[in-house]
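1. got a predicted model here, sequence first, then my questions.
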2 protein chains.
Amino acid sequence: MIQLSSTEENYLKNIYRLLAEGGEKVGTNEIAALTGTKAASVSDMLKKLAEKQLLSYRKYHGVSLTEEGTKTALLILRRQRLWEVFLVEKLKFAWDEVAAIAEELEHVKAPVLVRRLDEYLGFPKFDPHGDPIPDEFGEWESSPRVLLQEVAPGKAGKVVAVTNSSAAFLSYLDKVGIYIGAKVEVLDKIEFDGSVELRIDGGKTVYLSREVAANLQVRLHPS
Amino acid sequence: MIQLSSTEENYLKNIYRLLAEGGEKVGTNEIAALTGTKAASVSDMLKKLAEKQLLSYRKYHGVSLTEEGTKTALLILRRQRLWEVFLVEKLKFAWDEVAAIAEELEHVKAPVLVRRLDEYLGFPKFDPHGDPIPDEFGEWESSPRVLLQEVAPGKAGKVVAVTNSSAAFLSYLDKVGIYIGAKVEVLDKIEFDGSVELRIDGGKTVYLSREVAANLQVRLHPS
DNA sequence: AATAAAATTTAGATTAGTCTAAAAATAAAT
DNA sequence: ATTTATTTTTAGACTAATCTAAATTTTATT
Ligand SMILES: [Mn+2]
Ligand SMILES: [Mn+2]
Ligand SMILES: [Mn+2]
Ligand SMILES: [Mn+2]
């Protein structure tokens, strides 16, 4: 295991995320957009990470992570999510305030610290946003999730994750009363624009646009 | 308040420590030794920090911290020591295992994180090594000093001063391994002659006569 | 006071990470 | 199949932090 800089770790994590939601290759511009850099910088970094065997790279054709690269990315995600749990559970931050701070804490690499933190938190399986926390081998419990967009009317479930973590999106969710763990029931789907009529926690009902419904993951209740 | 890099913060903290134990100026070599760099690198950094008004610098004559520089150094020490408390109190690290990890955590600067951490820990006044934790204004409680003679068995502390500076006394201290800053733990007090059984730096134990114990001031660790 | 020793600074390089502008390759559109 | 547009890479430059080796300044010793 090679020592990586914080910068390299951030690239790796972001490439992992793009691969997880997209296809099997990610492009330079896509990475640049997510990391807040320019394509030229990304090209340089890709060469460096390929050199270190963390990703496979064919010029002009995008990259995918190697086995080793994936495992490394999962360890970074593990640290990020454990710190997020700490910040919310112990320091009483709101779930939409922790991103930037965990983004820094995740780069403290001492394995003994991560183990002790995990233990201290009671070996949580999910972070405050509903995302799974990999164990020290990069494994996690797979739980079937569906986009709210795909849920048929009449079905109910629980919000387990958001696929967009922008402050704008999170504060909107907060405003309408949606949070990780909220019980949601799809009352109707509007053909016209793909929006969803939703009952939250058995109480008030709201209409969510297709864009919003496409960024909420739910785990369906057994029915 | 200017944003400082982790490197700049480390220099600042180390210069503070050298000033605290030494005189009113520190030299380039001294800093290089403590930061694990070379004198040439230190020279460059001193120019940069002087530029930022954090220290006053006269070429070839060493540096001292400005008001602003001192305040900044204290905020870094605050973060370092709060994390040390966290690691020992919450994550159950031993007091001599926390240095390297806190050395990294201290550079996460988000003020809200530091406040919440402080609160979560119950606003501790001292770190696990007995060093005072500055508040957000850089102030700390000067903790009462006690003569080693007065310390009850079982208590631990840190040597902070000698009340006798004769060469004979000092060289005796040197011989048995006692110095300013040494961690000492009183194991027993002998009724018969008032002598003290002492463990030094968690290592060897010695017996000190009543005369010697009456000339050593310690600051007790919080217990 | 002159000389030798020690400490400090400068000169010139190197590495990581970034950028802009230009060149090259791929993909899309005529 | 050309031409155009988009994406990606390269070339060249910059900043932060570091180094070695040489020059300079201060301090100590004759
Ligand atoms: Mn990060
Ligand atoms: Mn998360
Ligand atoms: Mn540090
Ligand atoms: Mn300490």
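-> Ah, there it is. Ligands and ions are numbered 1, 2, ... in the order given.

2. not counting sequence-adjacent ones, nearest residue to the closest residue to ligand 3 within chain A?
-> Residue of chain A nearest ligand 3, by C-beta to the ion: residue A:108 (11.0 Å). For glycine as for every other residue, the C-beta is placed from the backbone atoms N, C-alpha and C. Leaving out its chain neighbours, the residue that sits closest to residue A:108 by C-beta to C-beta, 6 or more residues apart in numbering or on different chains is residue B:104, at 4.8 Å.

3. if we can go back for a sec, pLDDT at the residue of chain A closest to ligand 3, what is it?
-> At residue A:108, the model reports a pLDDT of 98.

4. does it belong to a helix, a strand or coil?
-> coil (DSSP: H, G, I helix; E, B strand; the rest coil).

5. touching DNA strand C at all, the longest helix along chain A?
-> Counting residues, the longest helix in chain A under DSSP state H turns out to be helix A:67-85. No - Helix A:67-85 lies apart from DNA strand C when judged by C-beta under 7 Å from any atom of the strand; the minimum separation is 13.9 Å.

6. now that helix: mean pLDDT?
-> 98.

7. next, the buried residues of that helix.
-> Buried residues in helix A:67-85, counted by 16 or more other C-beta atoms under 10 Å in any protein chain shown: A:69-70, A:72-85.

8. which is the next helix or strand following that helix?
-> Next helix or strand after helix A:67-85 toward the C-terminus (DSSP states H and E): helix A:99-105.

9. pLDDT on that next one, on average?
-> Rounded mean pLDDT across helix A:99-105 is 97.

10. next one: stretch A:151-164
-> Rounded mean pLDDT across stretch A:151-164 is 88.

11. and ligand 2, is that stretch touching that?
-> No - using C-beta under 5 Å from the ion, stretch A:151-164 never reaches ligand 2; the gap is at least 8.4 Å.

12. so which bits of that stretch are buried?
-> Applying a neighbour-count criterion of 16+ other C-beta under 10 Å, one finds A:151, A:156, A:157, A:159, A:160, A:161, A:162, A:163 buried in stretch A:151-164.

13. wait, the third one touches residue A:151, no?
-> Yes - contact between residue A:157 and residue A:151 holds when scored by C-beta atoms under 8 Å: they sit 6.6 Å apart.

14. okay, the residue nearest to residue A:108 and residue A:35: tell me how far apart.
-> Distance, residue B:104 to residue A:35, by C-beta to C-beta, to the nearest Å: 22 Å.

15. and the longest helix of chain A, what other elements does it pack with?
-> Judged by 3 or more C-beta pairs under 8 Å, 6 or more residues apart in numbering or on different chains; DSSP states H and E, helix A:67-85 is in contact with helix A:6-21, helix A:99-105, helix A:111-120.

16. which residues sit against the first one?
-> The contact list for helix A:6-21 (C-beta atoms under 8 Å, 6 or more residues apart in numbering or on different chains) reads A:4, A:25-26, A:30-31, A:34-35, A:42, A:45, A:48-49, A:54-55, A:63-65, A:69-70, A:72-74, A:76-77, A:80, A:103, A:106-107, A:163.

17. do stretch A:176-189 as well
-> Contact with stretch A:176-189 is made by A:95, A:128-130, A:148, A:151-162, A:173, A:195-202, A:204-206, A:208, A:216, A:218, as judged by C-beta under 8 Å, 6+ apart.

18. and that stretch, average pLDDT?
-> 91.

19. any shared contact partners between residue A:157 and residue A:151?
-> Common neighbours of residue A:157 and residue A:151 (C-beta under 8 Å, 6+ apart) are A:218, A:220.

20. endpoints of stretch A:116-126, how far apart?
-> End-to-end span of stretch A:116-126 (C-alpha to C-alpha, to the nearest Å): 17 Å.

21. identify each buried residue in that stretch, please.
-> Within stretch A:116-126, the residues scored as buried using 16+ other C-beta under 10 Å are A:116, A:117, A:118, A:120, A:124, A:126.

22. do stretch A:171-179 as well
-> Using 16+ other C-beta under 10 Å as the test for burial, stretch A:171-179 gives A:173, A:178, A:179.

23. inside helices: which ones of the residues you listed?
-> Of the buried residues of stretch A:171-179, the ones assigned to helices by DSSP H are residue A:173.

24. now, which of the buried residues of stretch A:171-179 lie close to ligand 3?
-> Within those, nothing lies near ligand 3 by C-beta under 5 Å from the ion.

25. quick check: mean pLDDT of stretch A:216-223?
-> In this model, stretch A:216-223 has an average pLDDT of 77.
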